[in-house]
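Participant: got a sequence here, can you build the structure:
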Amino acid sequence: MPFQKKHLSRFIAAALLAGPAWAQQTTQFDTVMVTGSRSQAQISDLSNSVRVIEKEQLEQQIKAGKEFKDALAQLIPALDLGSQSRTNAGQNMRGRAVLVMIDGVSMNSSRGGGRQLDGIDPFNIERIEVLSGTSALYGAGGLGGIINIITKKGEPGRQLELEAGARSGLNSSDDGDLRTGLALSGGNDDINGRLSLAYGKNRGAYNADGDPILMDIAQTSLQYNESLDLMGNLQFRFTPEQSLSLTAQYYDSKSDGEHGMFLGDDFGGVTEKDPEQLAIRGGVDSDRSPRTRRDFLNASYHHQNWLGQELYLQGFYRSESFNYHPFPYVNGTAYDNVYAYAASQQNTEVFGAKLALVAKPLERLSLTYGVDVDRELFDATQMYFDLDQAKQSGGLTMQEDVTVGRYPGYRVDSLAGFMQLNYALTEDLGLNAGFRHQRLSNRVDDYIAMNQQIAIANGSATSADAIPGGEIDYDVNLFNAGLVYDLNASQQLWLNYAEGFELPDIAKYYGLGNYGAADANGHLPLLDSVDVAGSPLQGVETQSWELGWRLSDGIWDAQLAGYYSLSDKTISYDRQTLSVLLKDDKRRIYGLEGDLSVWLHDDWQAGVGGHWVFSETETTAGWRKLAVTEASPSKLTSFLAWQPAQPWSLRLQAQKMFDLRDDDGNKLEGYHTVDLLGRYQLPVGTLSAGIENLFDRDYTTIWGQRAQVWYVPYYGPNELYDFKGRGRTFSLTYNVKF
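Facilitator: I've put the predicted structure just below:
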């Protein structure tokens with residue numbers, strides 16, 4: 001039998017828990033993939049589009065200056081191009097949202113937020129495991145795929161790692177970013193650990209014309225930003241069969257508090273009187289600045305022979321706070337006046353546990369079963385700034401006037417049981433199938449709408465009716481089944497079916513109400529509302545089919561998959577209120593994903609990857625193209641690498657995004673960039689260098705183009721959201737290990 005199917009049950013258990021992985025890679029099929037605990041499964045065991053980004057691949061991109069989200073887009077064919085700002089909102093995989101995990105713990109939440117990838121410094125990443133498409137194993141969310149980030153762990157023996165890097169477009173003294181890293185690791189076979197600190201300091205960014213790129217006021221920018229990632233872990237091996245892994249992380253990425261967007265005299269740059277006034281300036285004085293802060297704890301226990309089964313037990317805790325850039329609220333008819341200036345803070349707390357057991361009742365049958373449980377808590381506030389001071393300073397002075405609730409608070413409880421089997425039908429054909437039942441319980445707090453809270457705070461009203469909260473339960477049943485067939489020793493075919501479930505953004509759905517005028521006592525009566533009892537939020541169910549082929553023979557590595565996914569509802573947003581709209585229109589997304597690489601010579605390798613995707617929604621008039629704010633454009637990547645024996649290596653790579661149009665007349669303009677990456681092994685340490693956007697192309701990022709469709713004209717002119725890509729940028733990084 002060319003490929004052993006016996007590892008699949010271990011992978012399934014791993015799909016529910018987190019931990020480190022290890023393997024010796026000979027071909028792509030031999031690569032051990034872990035999307036959970038310390039169990040391992042070869043890629044050849046899986047009936048999915050899967051790939052592993054090894055540490056060396058990621059480091060080559062990052063040390064040569066690529067931002068993390070851009071590096072992932074270069075290495076993952078079905079992942080959209082990055083925003084070059086803080087957000088990964090809209091950076092879909094296979095046209096749908098991605099589930100991001102760190103050591104198997106989800107970084108996603110019911111609110112979304114678009115900062116799952118703003119949560120770890122690449123200095124602390126060992127490898128990244130990617131599964132494209134819907135996976136029933138993971139329950140609700142992540143219909144487009146899974147990105148599981150495996151963190152670096154300690155090893156026996158002492159090691160000190162130091163790293164320092166810089167990048168600049170050489171446009172001015174303010175054009176430059178710095179990053180440093182320090183890690184200590186050591187121990188023995190029974191106990192070892194790693195303690196690391198990664199720090200980054202960004203200044204301004206400049207486009208191909210040498211002009212400063214405006215800050216992203218919609219989802220916040222990484223310009224003039226400082227980040228700190230402090231991470232520690234310990235591994236204990238109590239017996240040859242028992243081990244425990246502990247991880248703790250503190251992550252903080254925030255504005256420097258000195259620079260911000262100047263929105264023009266009397267907000268003239270926002271109200272279209274003079275958008276040329278828009279600029280980045282110093283002198284910011286703000287009571288709330290853009291920031292991502294996260295605390296993360298994770299414990300994983302593994303027993304290789306507990307009552308004749310493998311046992312995986314994991315407990316985790318995550319607390320995070322997102323601060324957003326102050327946002328101008330523009331008069332909704334003439335768009336000629338800013339009537340409010342405010343910034344939100346959104347807080348999420350998640351804790352839970354996972355249990356998985358792997359049994360082998362028959363020689364050709366393996367069974368994985370277990371339980372997942374977690375709780376998520378959410379609240380948010382909106383800080384309104386003194387409008388007169390803000391206008392006089394062009395938005396640079398932001399002193400608190402009043403703080404109110406931004407969204408209704410809520411709690412989400414989840415309890416799930418699962419069972420997955422793997423059966424070797426023949427020596428060349430394997431079957432895997434499973435079922436997951438998940439019960440979700442959402443409890444939404446009573447909430448006075450934000451405008452009515454403001455009216456009470458400024459004295460124009462004394463009280464108001466609350467939009468009633470309530471509790472609603474969801475019972476979700478998800479099935480999956482797949483076949484993987486060995487054509488020969490180097491090729492496989494697979495067929496896969498999976499179901500997924502998604503809840504739209506709870507915070508942006510509930511808490512909307514219409515109020516009447518204040519009565520004689522100054523009380524604001526509630527006329528109607530979107531609430532749990534009257535308008536319960538419905539979930540979105542998705543079915544996904546996939547047919548794929550892969551090849552790995554030591555010279556050629558290739559993977560190609562066609563997919564089709566169909567949802568029973570369509571999620572969209574009101575561009576004026578930014579609230580969730582849930583329609584009964586079906587949504588279908590289908591396409592082709594693949595990559596290919598070949599060794600042309602002992603020292604030369606070439607490759608190409610791509611994703612061709614179509615996104616449509618069904619209306620009474622038939623199937624229509626999905627809006628460009630939600631649909632993914634097709635893309636193409638390629639590379640040519642020279643990798644002789646030490647000390648040199650060079651890589652020339654390109655990214656191409658294709659044009660995308662919808663049936664409302666909106667368009668995303670495609671663009672392409674080329675990068676040159678290099679590395680030189682010194683007698684002590686390694687020097688990496690890179691030139692991003694080698695040919696100095698001028699373009700607006702995919703997020704900048706989407707933001708203009710999202711926010712214009714309700715929240716300002718096009719110029720305010722025209723987030724350009726970086727021009728030619730040079731990078732240099734030195735790394736040494738002792």
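
Participant: find the nearest non-adjacent residue to residue 351, please.
Facilitator: Nearest residue to residue 351 in three dimensions, chain neighbours excluded: residue 317, at 4.5 Å (Cβ to Cβ, 6 or more residues apart in numbering). To be clear about C-beta, it is placed using only N, CA and C from the backbone, and glycine gets the same treatment.

Participant: actually, residue 303.
Facilitator: With Cβ to Cβ, 6+ apart as the criterion, residue 303 has its nearest non-adjacent residue at 4.3 Å, and that residue is residue 311.

Participant: contacting residues around the one you found?
Facilitator: Residues near residue 311 by Cβ atoms under 8 Å, 6 or more residues apart in numbering: 301-303, 355-357.

Participant: residue ranges with poor pLDDT in the stretch 51-200 of the chain?
Facilitator: Nowhere does the stretch 51-200 of the chain drop to pLDDT under 70.

Participant: what ranges do the helices span in it?
Facilitator: For the stretch 51-200 of the chain, the helices defined by DSSP state H, counting those that start in this stretch cover 55-63, 68-75.

Participant: between those helices, which one is nearest to residue 455?
Facilitator: Residue 455 lies closest to helix 68-75 among those, at 40.3 Å (Cβ to Cβ).

Participant: list the helices and strands that closest one packs on?
Facilitator: Packing contacts for helix 68-75, counted by 3 or more Cβ pairs under 8 Å, 6 or more residues apart in numbering; DSSP states H and E, involve helix 55-63, strand 635-642, strand 648-657.

Participant: apply 7 Å and report the result again.
Facilitator: Contact here means 3 or more Cβ pairs under 7 Å, 6 or more residues apart in numbering; DSSP states H and E; on that basis helix 68-75 packs against helix 55-63, strand 648-657.

Participant: how far is it from where the chain is centred?
Facilitator: 11 Å (Cα atoms, centre = their mean, to the nearest Å).

Participant: what do you get for stretch 245-263?
Facilitator: How far stretch 245-263 lies from its chain's middle: 17 Å, per Cα atoms, centre = their mean.

Participant: only alpha carbons, please: show it as CSV.
Facilitator: Once non-C-alpha atoms are left out, stretch 245-263 reads as follows in CSV (Å, rounded to 0.1, in the frame of the first residue of the first chain):
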residue,chain,number,x,y,z
SER,A,245,2.4,21.5,27.2
LEU,A,246,1.8,24.9,28.7
THR,A,247,1.8,28.2,26.7
ALA,A,248,1.2,31.8,27.8
GLN,A,249,1.3,34.9,25.6
TYR,A,250,0.9,38.6,26.0
TYR,A,251,0.4,40.5,22.7
ASP,A,252,0.1,44.3,22.4
SER,A,253,0.1,46.2,19.1
LYS,A,254,-0.8,49.9,19.4
SER,A,255,-0.5,53.4,17.8
ASP,A,256,2.5,55.4,19.0
GLY,A,257,0.0,58.0,20.4
GLU,A,258,1.7,60.8,18.6
HIS,A,259,0.7,60.5,14.9
GLY,A,260,-2.8,60.5,13.4
MET,A,261,-4.9,61.5,10.5
PHE,A,262,-5.4,65.2,9.9
LEU,A,263,-8.9,65.5,8.4
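
Participant: list the buried residues for it?
Facilitator: Neighbour counts over stretch 245-263 (16 or more other Cβ atoms under 10 Å) mark 245, 247-249, 251, 253-256, 259-263 as buried.

Participant: what's the first-to-last distance across stretch 138-148?
Facilitator: The first residue of stretch 138-148 is 12 Å away from its last residue (Cα to Cα, to the nearest Å).

Participant: before we move on, back to that, my reading is that the residue nearest to residue 303 lies in a helix. Confirm?
Facilitator: No - counting by DSSP: H, G, I helix; E, B strand; the rest coil, residue 311 is not part of a helix but strand.

Participant: verify the stated contact: residue 659 with residue 670.
Facilitator: Yes - using Cβ atoms under 7 Å, residue 659 is in contact with residue 670, at 4.4 Å.

Participant: and those two? which has more neighbours close in?
Facilitator: Set side by side, residue 659 and residue 670 show more neighbours around residue 670, with 16 against 12, by other Cβ atoms under 10 Å.

Participant: give the contact list for that one.
Facilitator: Contacts for residue 670 (Cβ atoms under 7 Å, 6 or more residues apart in numbering) come out as 633, 657-659.

Participant: my read: residue 544 touches residue 135, true?
Facilitator: No - using Cβ under 7 Å, residue 544 makes no contact with residue 135, being 8.9 Å away.

Participant: name the residues contacting each of these two.
Facilitator: Contacts common to residue 544 and residue 135, judged by Cβ under 7 Å, 6+ apart, are residue 498.

Participant: now the strands for the stretch 251-400 of the chain?
Facilitator: Ranges of strands within the stretch 251-400 of the chain are 259-262, 279-282, 285-286, 291-306, 309-323, 327-330, 338-362, 365-385, 397-398, 400-405, based on DSSP state E, counting those that start in this stretch.

Participant: what mean pLDDT does the second one get?
Facilitator: Put plainly, it is strand 279-282. Averaging pLDDT along strand 279-282 yields 96.

Participant: paired strands for that strand, with orientation please.
Facilitator: Looking at strand 279-282 with DSSP bridges, its partner strands are strand 259-262 (antiparallel).

Participant: ok so, going back, columns distance to residue 733 and mean neighbour count on top of the helices of the stretch 51-200 of the chain, output as TSV?
Facilitator: Shown next, in TSV, are those (distance: least, Cβ to Cβ, whole Å; neighbours: other Cβ atoms under 10 Å):
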stretch	distance to residue 733	mean neighbour count
helix 55-63	4	19
helix 68-75	13	23
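
Participant: residue 509 is nearest to which of the ones you listed?
Facilitator: Closest to residue 509 of those is helix 68-75 (Cβ to Cβ; 27.2 Å).

Participant: next, the angle from the closest one to strand 648-657.
Facilitator: 90 degrees (axes from the mean of the first three to the mean of the last three Cα atoms, to 10 degrees).

Participant: stretch 236-251 - what's its average pLDDT?
Facilitator: 97.

Participant: re the thing from before, and the helices and strands packed on helix 68-75 as CSV, adding distance to residue 554?
Facilitator: Compiled in CSV, the helices and strands packed on helix 68-75 are given as follows (distance: least, Cβ to Cβ, whole Å):
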stretch, distance to residue 554
helix 55-63, 18
strand 648-657, 19
